[in-house]
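Trainee: Whatever this is, show me its structure:
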Amino acid sequence: MGRRGVFPGSFNPPTTAHLAISEAVVKQHSLDVLVWTVSRVALAKEEVQLPRLADRIAVLEAVAAPIDWLEIAVTEVQLLSEIAAGFDVIVMGADKWHQIHDPVFYGNDPARRDASIAALPAVAIAARPPHDCPPEMVLDVPDWVGTVSSTRARTTDPTLMAPAAASFDAHTGAWTDPVRYEAWLSG
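Mentor: Sure, this is the predicted structure:
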């Protein structure tokens with residue numbers, strides 16, 4: 001089976017930064033497999049309905065197809081400690097590292113939060129200014145990675161999308177033109 005890592009996210013859309021982070025964690029943590037894992041209903045992103053989950057997963061599968069160490073999975077769970085169960089490494093951005101320390105995601109129970117964080121496997125963090133995180137957990141990635149976000153790819157710079165996502169968006173408008181995407185769905 002080898003060493004396995006998990007990279008939870010919405011990947012809405014997958015970006016060039018997701019790919020760079022993935023390559024870095026595979027190399028720096030000697031992983032045989034990295035699994036991009038999407039929660040069917042993402043924590044703190046419950047309102048995301050478009051693009052449809054099926055379309056997002058199809059795009060992720062297209063991104064992963066030429067990469068022998070990258071797999072895609074969908075899960076029903078939301079907490080990172082549950083998603084990461086059984087993996088050797090979990091990958092997240094520094095913003096997510098800060099978010100998982102907020103007790104609100106654990107029913108405002110600091111003990112539950114602490115137990116959830118303690119249950120994580122090795123953590124690999126992609127720096128994301130202005131957030132600080134433990135230096136021993138930080139991946140060595142190019143500085144530009146911390147400036148890329150899925151939100152920015154959707155709203156102002158579609159060139160940040162992974163190539164398969166950019167192709168799907170150009171064809172359907174999935175991320176940059178919701179009206180065209182809705183028409184594509186209807187057609």
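
Trainee: just so I have it, where are all the helices in this protein?
Mentor: 16-28, 53-64, 80-83, 94-99, 110-118, 150-155, 163-172, 178-186 (DSSP state H).

Trainee: Would you mind pulling the contact partners of stretch 154-167?
Mentor: 12-19, 59, 62-63, 148-149, 152-153, 169, 175-176 (CB atoms under 8 Å, 6 or more residues apart in numbering). (Each C-beta comes from the backbone N, C-alpha and C, glycine too.)

Trainee: Could you work out which of the helices of the chain reaches nearest to Pro142?
Mentor: helix 16-28 (6.6 Å; CB to CB).

Trainee: got the buried residues for that closest one?
Mentor: 16-26 (16 or more other CB atoms under 10 Å).

Trainee: likewise stretch 75-91?
Mentor: 77-81, 83-84, 87-91.

Trainee: Name the spans of this structure whose pLDDT lies under the cut-off.
Mentor: 42-48 (pLDDT under 70).

Trainee: Let me know the closest of the buried residues of helix 16-28 to Ser186.
Mentor: Nearest to Ser186 among the buried residues of helix 16-28, with distances taken as CB to CB, is His18, at 29.6 Å.

Trainee: I'd say the closest one and Phe11 touch.
Mentor: Yes. The pair His18 and Phe11 qualifies as a contact (CB atoms under 8 Å) at a distance of 6.2 Å.
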